[in-house]
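1. sequence first, predicted model second:
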Protein chains: 2
Amino acid sequence: MKNQEPSYQAQQFATRAGVTVRTLHHYDRLGLLKPSAYTGTGYRLYRESDLARLQQIVTLKYIGFSLQEIKTLLAQNGRDLAAALRRQRKIINQKRHHLGMAVQAIEQAELVIASEVPDWEAFKKIIEVINMQNDMEWTRKYYSEAASEKLAERATPDVIEKGQNDWSQLIKEVEAAVRDGEDPTSEKSRSLAARWSNLIQQFTGGDPEISAGLRKLYADQSNWPAHFQKPYSDEVEAFICAAGGKK
Amino acid sequence: MKNQEPSYQAQQFATRAGVTVRTLHHYDRLGLLKPSAYTGTGYRLYRESDLARLQQIVTLKYIGFSLQEIKTLLAQNGRDLAAALRRQRKIINQKRHHLGMAVQAIEQAELVIASEVPDWEAFKKIIEVINMQNDMEWTRKYYSEAASEKLAERATPDVIEKGQNDWSQLIKEVEAAVRDGEDPTSEKSRSLAARWSNLIQQFTGGDPEISAGLRKLYADQSNWPAHFQKPYSDEVEAFICAAGGKK
DNA sequence: CTTGCGCCTGACGTTACGTCAGGCTTTAGG
DNA sequence: CCTAAAGCCTGACGTAACGTCAGGCGCAAG
């Protein structure tokens, strides 16, 4: 008797699934999708059940899993699938956020270029804003997962830029006060300290987890990467402390 | 006389810019960033001007340009920068949209898995929705750029799924009508045809560019990829035409 | 002079295939 | 029956942007 189940050769099968023959070879070699049969001469023969598996693979690939991950996921027949999906969703969201930042950076760059000289000078500001975002990367390890997500949500380029401007403005004023030998207990000094606390408060958004992370971050100053410079001098810090700014 | 400009060795320079030494080697070999000097023994020496260039590179990389693109961009000193930025922005927005779809696909998958059996069966529906999106890919070439952007904006998974349900429901009814030998000029037939037109209208959103693309798409049926099946039979199509549905 | 750190240059690994190149099979036509 | 056109196969190399050894100098301190 003949096997009545229809089988497809490579090309047919591949186009049915929207992939290429070479992809099938690849998956075969990886052991990800073996054809259900070979002819005596080595031709691959696929059936409907293979198509189902291939579709699962394509789907998981679309979701962003690597072929290795897909292999193990399919092997354990979806036992840890839920956890894997959660992880994957977070990863994708991070990437999406990154791309969003990139888009906004480009838009800013386009604005600057359109109006002023199409010069690299214009890029410097944008570089700074972007580097701010990159700096966020290494600070992540200090924050709890929840805190770091909340921070990421709020960290749009315009917010970053405003914060940066506010800080540099305030720091400049404090530096001036330090130079002038201003008394840390004076009215003016306490006003500066209040603004300082205010900006910190603005950054944490009142969230205790973010505050905790920030404290950890500051405590570990010796391990900061070399390319990150504390934006204010030790004198400024001492002055603000004396004025009651930093708790 | 001595050269008073300070120069840095590889490690120092690399950490100052937040990259690795190996990256510097890489950029050197690519001719993307040559150190401003070598010692007699082959050590790389970098200066501040090199740092500026490196920062430009990092910035452009962040924006998603390849090292090759960066090289040419820096070479022509930003003449076509504006155009390049526009292109890049579009590319990134596409990627972002893709990721958004992936996230929503994952969320749907998570919902299904959480409630029902954690089975692959549940994935089938999601696969279909996702494949819908993938099918969008090859149809792009029929649409003008503007039309395809508009489509992409509206194409969230829920919209897609609703459209899919509406269509399969309507098609089922039309098939029944065809089977029953319903007269295409009857009241019921014209109602079906009206719903048909309505769904098309819903898809185009009344946009003439999208309509044009859709017509082109249908005219080129012979070139459709093999894995895409027209969701209705020729009889159904003939019936709807007879009932005055398709212009 | 040795120790230890920093620098160098290959060379191979990574991801998911694309693209030849060279050589069988199968099939349709003469 | 023979041949030419398709279709199939298996390597082998290429891609992007580095990471990671491995082996071998250079340099400053003790």
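-> Nice, I can see it. Numbering: from 1, shown residues only, chains lettered A, B, ... in the order given.
2. tell me if the lengthiest helix in chain A is near DNA strand D.
-> The longest helix of chain A (DSSP state H) is helix A:81-115. No: on the criterion C-beta under 7 Å from any atom of the strand, helix A:81-115 is out of touch with DNA strand D, staying 14.1 Å away. For glycine as for every other residue, the C-beta is placed from the backbone atoms N, C-alpha and C.
3. next, the buried residues of that helix.
-> By neighbour count on 16 or more other C-beta atoms under 10 Å in any protein chain shown, the buried set for helix A:81-115 is A:81, A:84-85, A:88-89, A:92-93, A:95-106, A:108-109, A:112-113.
4. over to stretch A:31-47?
-> So, applying 16+ other C-beta under 10 Å, buried residues of stretch A:31-47: A:32-33, A:35, A:44-47.
5. which stretch of helix or strand covers A:Leu45?
-> Per DSSP states H and E: A:Leu45 is located in strand A:44-45.
6. nope, A:Asn77 is what I was after
-> With DSSP H and E as criterion, A:Asn77 is part of no helix or strand.
7. burial of it, as a residue count?
-> The criterion is other C-beta atoms under 10 Å in any protein chain shown. On that basis, A:Asn77 has 10 neighbouring residues.
8. can you give me the distance of it to B:Ile171?
-> As for A:Asn77, its distance to B:Ile171 is 34 Å (criterion: C-beta to C-beta, to the nearest Å).
9. got it, and A:Gly244?
-> A:Gly244 is 73 Å from B:Ile171, by C-beta to C-beta.
10. check the burial of the closest residue to A:Leu33 other than its chain neighbours by counting its neighbours.
-> Closest residue to A:Leu33 apart from its sequence neighbours, by C-beta to C-beta, 6 or more residues apart in numbering or on different chains: A:Tyr27 at 4.1 Å. Residues within reach of A:Tyr27, counting by other C-beta under 10 Å, total 20.
11. any idea of the pLDDT on A:Tyr27?
-> What the model reports as pLDDT for A:Tyr27 is 98.
12. okay, helices next: where are they in chain A?
-> Under DSSP H, chain A gives helices at A:10-17, A:21-30, A:48-62, A:67-75, A:81-115, A:121-139, A:145-154, A:157-179, A:187-204, A:208-219, A:234-242.
13. least reliable of those by average pLDDT, please.
-> Sorting the helices of chain A by mean pLDDT places helix A:121-139 lowest, at a mean of 68.
14. show me the contacts for A:Ala194.
-> With contact taken as C-beta atoms under 8 Å, 6 or more residues apart in numbering or on different chains, A:Ala194 is in contact with A:Gly245.
15. and it, how far from A:Gln76?
-> In this view, A:Ala194 and A:Gln76 are 57 Å apart by C-beta to C-beta.
16. what residues does chain A put near DNA strand D?
-> Selection of chain A residues close to DNA strand D by C-beta under 7 Å from any atom of the strand yields A:9-12, A:21, A:24-25, A:28, A:42-44.
17. what subset of these is also close to DNA strand C?
-> Residues shared between the residues of chain A next to DNA strand D and the neighbourhood of DNA strand C are A:Tyr43 [C-beta under 7 Å from any atom of the strand].
18. filter the residues of chain A next to DNA strand D down to the buried ones and hand me the PyMOL line.
-> Applying 16+ other C-beta under 10 Å to the residues of chain A next to DNA strand D leaves a buried subset, and the PyMOL line that selects it is:
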select buried, chain A and resi 10+24+44
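19. between A:Gly244 and B:Ile171, who's got more neighbours?
-> Ranked by neighbour count (other C-beta under 10 Å), A:Gly244 and B:Ile171 place B:Ile171 first, with 18 against 15.
20. can you name every helix or strand that the strand holding A:Leu45 contacts?
-> Using 3 or more C-beta pairs under 8 Å, 6 or more residues apart in numbering or on different chains; DSSP states H and E, the elements in contact with strand A:44-45 are strand A:37-38.
21. so who does the nearest residue to A:Pro184 once chain neighbours are set aside touch?
-> Distances taken as C-beta to C-beta, 6+ apart put A:Ala242 closest to A:Pro184, at 3.6 Å, once the chain neighbours are dropped. Counting by C-beta under 8 Å, 6+ apart, A:Ala242 makes contact with A:184-185, A:189.
22. list the residues that contact the spatially most central residue of chain A.
-> In chain A, the centroid-proximal residue (C-alpha atoms, centre = their mean) is A:Gln94; its distance is 3.8 Å. Going by C-beta under 8 Å, 6+ apart, A:Gln94 touches A:Ala152.
23. how close does it sit to DNA strand C?
-> 18 Å (C-beta to the nearest atom of the strand, to the nearest Å).
24. now render the contacts of A:Ala242 as a markdown table, adding distance to DNA strand C and neighbour count.
-> Compiled in a markdown table, these are given as follows (distance: C-beta to the nearest atom of the strand, whole Å; neighbours: other C-beta atoms under 10 Å in any protein chain shown):
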| residue | distance to DNA strand C | neighbour count |
| --- | --- | --- |
| A:Pro184 | 40 | 19 |
| A:Thr185 | 45 | 10 |
| A:Ser189 | 42 | 21 |
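25. now, which of those residues sits nearest B:Gln202?
-> Checking those against B:Gln202 by C-beta to C-beta gives A:Ser189 as the nearest, at 64.9 Å.
26. separation between that closest one and A:Arg195?
-> Relative to A:Arg195, and taking C-beta to C-beta, A:Ser189 is found at 11 Å.
27. over to A:Gly213?
-> Distance from A:Gly213 to A:Arg195, by C-beta to C-beta: 22 Å.
28. what's the answer for A:Ala14, then?
-> Shown here: A:Ala14 relative to A:Arg195, a distance of 65 Å by C-beta to C-beta.
29. who has more neighbours, the two?
-> Between A:Ala14 and A:Arg195, counting by other C-beta under 10 Å, A:Ala14 is the more crowded of the two (22 against 17).
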